[in-house]
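Novice: Sequence and predicted structure, then a few things I'm wondering about:
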Amino acid sequence: MAEQSGTSKITVRTTCPYCGVGCGVNAKPDMRGGAEISGDGDHPANFGRLCSKGSALGETFEPSSRLLHPQIDGANVSWDTALDHVASELARIRETHGPEAIAFYLSGQLLTEDYYVANKLAKGFIGTPNVDTNSRLCMASSVAGHKRAFGADVVPGCYEDLDQADVVVLVGSNTAWCHPILYQRIQKARQNRGTKVINIDPRRTATSEGADLQLSLLSGSDTCLWNGLLVWLADHHLLDLEYIAIHTDGYESALALARERAGTISRVALHTGLTPEEIRSFYQLWSSSERVVSCYSQGVNQAIQGTDKVNAIINCHLATGRISKPGCGPFSLTGQPNAMGGREVGGLANMLAAHMGFSHSERDIVRRFWNAPNLVTGEGLKAVEMFDAIDSGKIKALWVIGTNPAVSLPRADAMRAAMAKLEFFAVSEVVASNDTMRAAKVRLPAHGWGEKDGTVTNSERRISRQRKFLKPAGSSQPDWWILSQVAKRLGWGGSFAYRKPGDIFREHAALSGFENSGQRVFNIAGLASVNDAAYDALEPRQWPVTSIDRDTDRAFADGRFATPSGRARFIAVARMLDRPVSNDDRPMLLNTGRIRDQWHTMTRTGLVPRLASHISEPFVEIHPVDAAAVNIEDGALAQIATQHGVAIVRARVTDAMAPGTLFAPIHWSDDNSSQARIGALVHSAVDAISGQPDLKATPARLSAVEANYFGFFLTRTNSMPLDSMSLEGADVAYWSRAAIANASLTTFAVKGSFTDCTRIADAILGAGQQLSLVDDKTGILRAACVNDGSIDAVLFISTAKDLQPTQWLKELFSRQTHTEAERRAVLAGRSPEGAVDHGPIVCVCHQVGVNRIVKTISDGCRSTDEIGKACAAGTNCGSCLPELNRMILSTKARLFPAL
Ligand code: SF4
C-alpha cells in the first residue's frame, strides 16, 4: 500500500488501466524503471487474475515513446511558458468569441480526480458546456437507458451476480476478448454450477466458444428480439405482476407497443433472421430461470437505436422483477477503465457534476458548492456535434486530454482536417506522437500509468485506487495539476488550490452528498472526510457510500428507484430494425470492434511484442460468399471503401460472419499502417437520444487489391521506411508494422516489377554484409544483413499473397549471434534441420504456437486443462482458452471424424 516513487521494491496495489472490468494489480518496481506485474488476489473484480493485456503491463514502460517536456510548435519549452500560453490563448478566445468557442475532449482513461478538475474548470469557471469524452463512443446509450428507466445512471448489479446466475445473456459483447476476466468468471460458473450462457451477436466470436446458445441475429434487430421476449413473458403468464404494480410505471404501454411491433415468434423470426426454434429456446431459457443477468456492451450501445436496445433489455428484467437481487439484472459492461468515474463527475456534455443535470435547482447546488462564477446554463455539444462545430468554425479552441480522436472518431479523416482549422489546439498526452498530436500547437506531457495517483470506477460501481509506483518520465505532470495551473493563471487559483489528488477526491465526494437527501443515488459522502492516509489506503468500494462503514453491492434492492415517483419506468420501444440501408454502391455493412490483445489505438499495447504475436496485422472478416463475389482469398489484401474513407487490410474469410457484413478492428493508426484507420470509414450517424455514434453498421463496398509482390522485413535497428505509399519508385499498395522481440516486423505489398523489389532490397537492408538469393523467374527474393555474425535484418519478397515470417525467423532476433547454418537457412527460406516451428502464437503469455497445440491435441489432449499440462498454453491469463476450445473441436473433427 505504501506510496512509491520507484525507488523502493515494495509491492504497490493499483488498478489496470485498460478495460472497465477494473482488475486489481500488484506492481513491484524493478528498480530499472519498470515493474513486475501480477494480479491482486484481494481485489474483488479479479481475485488475482489478469488477462493478456493486464499481464503485459510491465512491458509498456518504454521511455523512448514518452512525451517528456511541454512543447509549443514542436519546440521544448518550460512548464511556465506552456501554461502561460495555454491560459492566455483560452482567455483571448473566451474574450473574443465567448466561452462556448472553447471545447474539452476528455477520456475514459483519465482518473476521476483529473476528470473532476477538467469539468469544474470548463463548466464552472470558463463557462463552456462543450466538454465531452471518448466515453460517448463507448456507453452513452447505456447512460441514457439507465436514466430513462431508473431516473439515474446506475448499474443495478455487481460482478457477484455473474457467479450466482442460472443464465447469463451476453448481448453485443465479445466478452471473451473485451472483458476477459469477467468472461472467465462466467465460464467458471458455467463449469461449477451449470450456468447457461446465451450469446447474442450477429457474428460468431471467441465468446461463442463458451456459449450454450448462439443467436446470430441480423445486425440492428435486438429491440425486436427483446420486445418479443416481453410479449412471450406476458402471454405465458411469467410476469411478476406484484413487482410491476408496486415498483414500476408504464408496463401496459410498453407491452402494447411490443405486441404491435414484435408480436408473434414468427414475426420476430422475420425481423431478426433467427429461426423460430432459436427464438423459442432463448425465451424458454430466459423465462424459466429464476436468476438471469443480461450483460450488454458496444454491440448494443454503438447503434442508432442504442438507447432503445438498452431499454428493451431492462423492460424484460423489470417485468419479471429480475433486478437488484442476487444473480439477477441488466448489466452494462463499460469499455473503458474509468468510463463510470467520468460519468460521476459530469464528464459527458449532457451532465453537470455528481450525476446532476441542468435543472435550476441542480445548477444552483453546483454553483454554490463550487462558488462558480460562470456556471453553464445547459447541455453542451456531444462528441460528433463538437467536432462538427470545430469544422464549421464555431469552436475555436480545443484541449484534448488523454485520447486520440484523429483515429477513434467516426469520419476520422474529416475530423482530423477539422482539428487543423482550430485557432488554438492543445493536447495533454503520455506519448510523444500519435495521429491527433500532429496538428496540436501545444503538447503537454502527462503522467502515465504507474506515475499517476487517484481513483477509477469499474463497471460494477466499484471505486479503486490507481497508485503511483514509478518516477514520472521527464517533466511530465498529473493532468489535475496541469488543469489547476491553467485555472490559476486565468484568475481562479483559490478554487483550484489542490495539493494532491486526495484533496480533489474529498471535494468530489462532498459534492455528491451536498444537499442530497436521497434524491441522487450517486452519493459517496461517506468518503468525504477521509484523511490522506485513509485515501492512500482506500480499499475498493462500491457506491453509494453514504457512511464510511457501508457501501452498496446492489442498487435499488429495496425496489425504490431514482425517479420522482420512486418507481422504475418501462419504456415503450418502437423501433424494431433500424439500420442504414445498404445500396448498390455500398452493399455491405461494416462493423467495427476490438481484438483480444490490443487496447484502443495501440499507443501502449502496441509497444509489447508478445501482444502483437497473436494478431499482428489489420484485417477484415468476410463471409466466404462475399469474398468469392469479389475474388478475395483468405490472406489476400482487401479494400473497404465507405462514403468517408478507404482502408486496405488483410482478408480473413470466415463463416463466422453473416453474409453482407464485414468486421474490422479499430486499433491501427497511421503510425503502424499504411491505410487502416477504421474510424476514417465510419459514418457519423448517432443515436438521437444518447448521441452515441453507430460504429457497427456503415454501408461499405469491398474489393480486391491488386499487388504483384508481397513481402516482410524484420529489422533489429530501423523500421522499414514506409511512411508514404511509395518506396524507391515502387507503388506500395499496403504496409503494416508490429513490434517483435528485439526487432520490428513490417509486412508489405508492392504494385510493380521484380526490379522494383530488388531496388527496395538494396535501399532498406542497411549497412553490413548483405546476403541475398534472387530468382526473377519465380519472383523470390530473400536477403539478410549480417554484422559481426549477427543477423540484423531479413527481407523476404515473393508472389505469395500470404507470405509471413515463421516463428523461427522472428525468434532469430532474440539472439545476437547466428551460425552459418542459420544464415543459410534464412536464404533457403526454411528452418534449419532440427529447429521446430511452433506456428503462429495462440498463447501470448507462454508464446505457444498453433502447431504445438495441435500436436498436443493429436497426442490425446481433450481439454484445455490437458493442453495446459502438456504445453502450458492457457495456464496464465486464460485469454486464449476460447481459442484452445475451438482448436480442440476443429482438430478432433479433422483427425478423428468418427469420434
Ligand atoms: Fe485489465 Fe484485462 Fe482486467 Fe480488463 S480484464 S481490467 S484489460 S486485466
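Specialist: Structure's in. What do you need?

Novice: By mean pLDDT, flag the weakest helix or strand of the chain.
Specialist: When each helix and strand of the chain is scored by mean pLDDT, DSSP states H and E, strand 726-727 comes last, with a mean of 72.

Novice: Which helix or strand lies directly C-terminal to it?
Specialist: Scanning forward in sequence from strand 726-727 by DSSP states H and E, the next helix or strand is strand 730-740.

Novice: for this structure, which helix is longest?
Specialist: Using DSSP state H to assign secondary structure, the helix with the most residues in the chain is helix 79-97.

Novice: Please pull up the helix or strand immediately following it.
Specialist: Next element after helix 79-97 (DSSP H and E): strand 102-106.

Novice: packing partners for that following strand?
Specialist: helix 79-97, helix 112-120, strand 131-133, helix 383-392, strand 397-401 (3 or more C-beta pairs under 8 Å, 6 or more residues apart in numbering; DSSP states H and E). In short, each C-beta sits where N, CA and C put it, glycine included.

Novice: Quick one: closest of these to the ligand.
Specialist: Closest approach to the ligand among the helices and strands packed on strand 102-106 (C-beta to the nearest ligand atom): helix 112-120, 16.1 Å.

Novice: Going by proximity to the ligand, name the top residue of the stretch 651-800 of the chain.
Specialist: residue 667 (13.8 Å).

Novice: Grab the nearest non-local neighbour of that residue.
Specialist: residue 598 (4.4 Å; C-beta to C-beta, 6 or more residues apart in numbering).

Novice: Okay, now the unreliable bits of the stretch 151-300 of the chain?
Specialist: The model of the stretch 151-300 of the chain has no residue with pLDDT under 70.

Novice: Spell out which parts of it neighbour the ligand.
Specialist: 179, 180, 181 (C-beta under 6 Å from any ligand atom).

Novice: Next step: the residues you listed restricted to helices.
Specialist: 180, 181.

Novice: top of the residues of the stretch 151-300 of the chain next to the ligand by neighbour count?
Specialist: Among these, the one with the most neighbours (other C-beta atoms under 10 Å) is residue 180, at 30 neighbours.

Novice: Would you confirm that that one contacts residue 51?
Specialist: Yes: the criterion here is C-beta atoms under 8 Å, and residue 180 meets it with residue 51 at 3.7 Å.

Novice: tell me, what's touching the two both at once?
Specialist: Taking C-beta atoms under 8 Å, 6 or more residues apart in numbering as the criterion, residue 180 and residue 51 both touch 877, 878, 879.

Novice: and the closest residue to the last one other than its chain neighbours, how many neighbours?
Specialist: Excluding the flanking residues, the one nearest residue 879 by C-beta to C-beta, 6+ apart is residue 52, at 4.2 Å. Neighbour count of residue 52, defined by other C-beta under 10 Å: 24.

Novice: pLDDT weak spots in the protein?
Specialist: 1-8, 575-582, 718-726, 895-899.

Novice: near the ligand, which residues of it?
Specialist: So far as C-beta under 6 Å from any ligand atom goes, the chain lies against the ligand at 16, 18-19, 21-23, 46, 50-51, 53-54, 179-181.

Novice: Just put the helices and strands packed on strand 102-106 in a markdown table and tack on mean neighbour count and distance to residue 751.
Specialist: Listed next are the helices and strands packed on strand 102-106 as a markdown table, based on neighbours: other C-beta atoms under 10 Å; distance: least, C-beta to C-beta, whole Å:
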| stretch | mean neighbour count | distance to residue 751 |
| --- | --- | --- |
| helix 79-97 | 17 | 45 |
| helix 112-120 | 29 | 47 |
| strand 131-133 | 28 | 41 |
| helix 383-392 | 21 | 34 |
| strand 397-401 | 25 | 36 |
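
Novice: Present these as TSV; the columns should include distance to residue 677.
Specialist: Output for the helices and strands packed on strand 102-106, formatted as TSV (distance: least, C-beta to C-beta, whole Å):
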stretch	distance to residue 677
helix 79-97	28
helix 112-120	26
strand 131-133	20
helix 383-392	15
strand 397-401	17
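
Novice: Setting aside sequence neighbours, what's the nearest residue to the residue of the chain found nearest the ligand?
Specialist: Relative to the ligand, the nearest point of the chain is residue 54 (2.4 Å; C-beta to the nearest ligand atom). Nearest residue to residue 54 in three dimensions, chain neighbours excluded: residue 16, at 4.5 Å (C-beta to C-beta, 6+ apart).

Novice: burial measure for the one you found, as a count.
Specialist: Counted with other C-beta under 10 Å, residue 16 comes out at 29.

Novice: same deal with residue 772?
Specialist: 15.

Novice: Look up the residues forming beta bridges with it.
Specialist: In this entry, residue 772 is beta-bridged to residue 783, by DSSP bridges.

Novice: Endpoint to endpoint, stretch 668-687 covers what distance?
Specialist: One end of stretch 668-687 to the other measures 25 Å (C-alpha to C-alpha, to the nearest Å).

Novice: scratch that, stretch 57-74 is what I was asking about
Specialist: End-to-end for stretch 57-74, by C-alpha to C-alpha: 29 Å.

Novice: what's the spacing between it and its chain's center?
Specialist: Here stretch 57-74 is found 21 Å from its chain centre; the criterion is C-alpha atoms, centre = their mean, to the nearest Å.

Novice: Excluding sequence neighbours, find me the nearest residue to residue 835.
Specialist: residue 808 (5.3 Å).

Novice: so who does the one you found touch?
Specialist: Counted by C-beta under 8 Å, 6+ apart, residue 808 has contacts 831, 835, 836, 837.

Novice: So which of those residues is the closest to residue 705?
Specialist: residue 837 (28.3 Å; C-beta to C-beta).

Novice: any idea which element the closest one lies in?
Specialist: Using DSSP H and E, no helix or strand contains residue 837.

Novice: how much space between it and residue 855?
Specialist: With distances taken as C-beta to C-beta, to the nearest Å, residue 837 is found 12 Å from residue 855.

Novice: Now for these two: what residues contact both?
Specialist: Counting by C-beta under 8 Å, 6+ apart, nothing touches both residue 837 and residue 855.

Novice: Which of the residues of the stretch 151-300 of the chain next to the ligand sits closest to residue 783?
Specialist: residue 180 (39.9 Å).

Novice: Roughly how far does that closest one sit from residue 210?
Specialist: 11 Å.

Novice: What of residue 416?
Specialist: 39 Å.

Novice: for the stretch 451-600 of the chain, what spans make up the helices?
Specialist: Using DSSP state H, counting those that start in this stretch, the helices of the stretch 451-600 of the chain run over residues 479-487, 501-513, 532-536.

Novice: could I get those helices as JSON lines with mean neighbour count?
Specialist: Formatted as JSON lines, these follow (neighbours: other C-beta atoms under 10 Å):
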{"stretch": "helix 479-487", "mean neighbour count": "25"}
{"stretch": "helix 501-513", "mean neighbour count": "23"}
{"stretch": "helix 532-536", "mean neighbour count": "15"}
